[in-house]
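Engineer: got a predicted structure plus its sequence, pasted below:
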Amino acid sequence: MTSDAMTVARLKSEAKLRARGHRFEDFEAGQSYTHHWGRTVTTADNTLFCVLTLHYNPQYTNAALATAQGHPDTPVNPLLVFNTVFGLSVEDLSEGGGPFLGVDELAYLKPVYPGDTLYASSVVVSARPATNRAGYGIVTWHTRGTNQHGEAVITFKRSNLVRTRNQ
């Protein structure tokens with residue numbers, strides 16, 4: 001066995017599995033989370049997102065059109081804003097695993113422009129045991145996304161099945 005292979009084998013034998021995310025028992029109504037990462041959205045992010053999702057609304061890719069419609073710059077595609085804010089919340093809320101159940105009450109409150117930094121915070125709306133899926137509970141969160149000025153740009157509720165500790 002080479003020294004590289006021995007190093008890899010040693011590292012694998014010493015590695016410890018670390019559980020990620022919270023479990024159902026960690027959530028209770030009213031509990032709040034300020035998600036610690038922010039994300040600055042760039043023009044490249046917006047263009048790439050629009051191209052990859054085949055979202056060719058010219059308002060999000062044509063600066064001349066956007067300014068003619070009264071925007072100071074090309075607005076960021078709202079679906080990218082949603083995905084970014086949703087993604088910022090995953091580590092604290094749903095990283096522990098369990099199926100995503102959906103989004104309700106999605107509201108886009110203010111346009112986001114390239115160079116804006118998005119932040120997220122969430123509050124637990126409800127947490128109840130799942131009646132038809134042993135080892136899981138249903139948790140609903142209300143998430144609020146803000147820009148670098150603290151202005152709300154998006155809000156939504158989302159629900160997940162969340163594993164219990166014994167799962």
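Structural biologist: Cool, got the structure.

Engineer: can you pull the contacts of Thr164?
Structural biologist: Applying CB atoms under 8 Å, 6 or more residues apart in numbering, we find Thr164 in contact with Arg23, Phe24, Glu25, Gly135, Tyr136, Gly137. Any C-beta I mention is one placed from the backbone N, CA and C, and that applies to glycine too.

Engineer: phi, psi of the closest residue to it other than its chain neighbours?
Structural biologist: Of all residues not flanking Thr164 in the chain, Phe24 sits nearest, at 4.6 Å (CB to CB, 6 or more residues apart in numbering). The phi and psi values for Phe24, taken as degrees, to the nearest 10, are phi -50, psi -40.

Engineer: count of residues packed around Phe24?
Structural biologist: 24 (other CB atoms under 10 Å).

Engineer: check the gap between it and Asn77 for me.
Structural biologist: Phe24 sits 34 Å away from Asn77, going by CB to CB, to the nearest Å.

Engineer: hmm, back to that, so the residue nearest to Thr164 makes contact with Asn166?
Structural biologist: No - the pair Phe24 / Asn166 is not scored as a contact, 9.9 Å apart, by CB atoms under 8 Å.

Engineer: same for the longest helix anywhere in the chain, what does it pack against?
Structural biologist: Counting residues, the longest helix found in the chain (DSSP state H) is helix 78-93. Helix 78-93 sits against strand 32-40, helix 43-52, strand 100-108, strand 117-129, strand 136-146, strand 152-163, with contacts defined as 3 or more CB pairs under 8 Å, 6 or more residues apart in numbering; DSSP states H and E.
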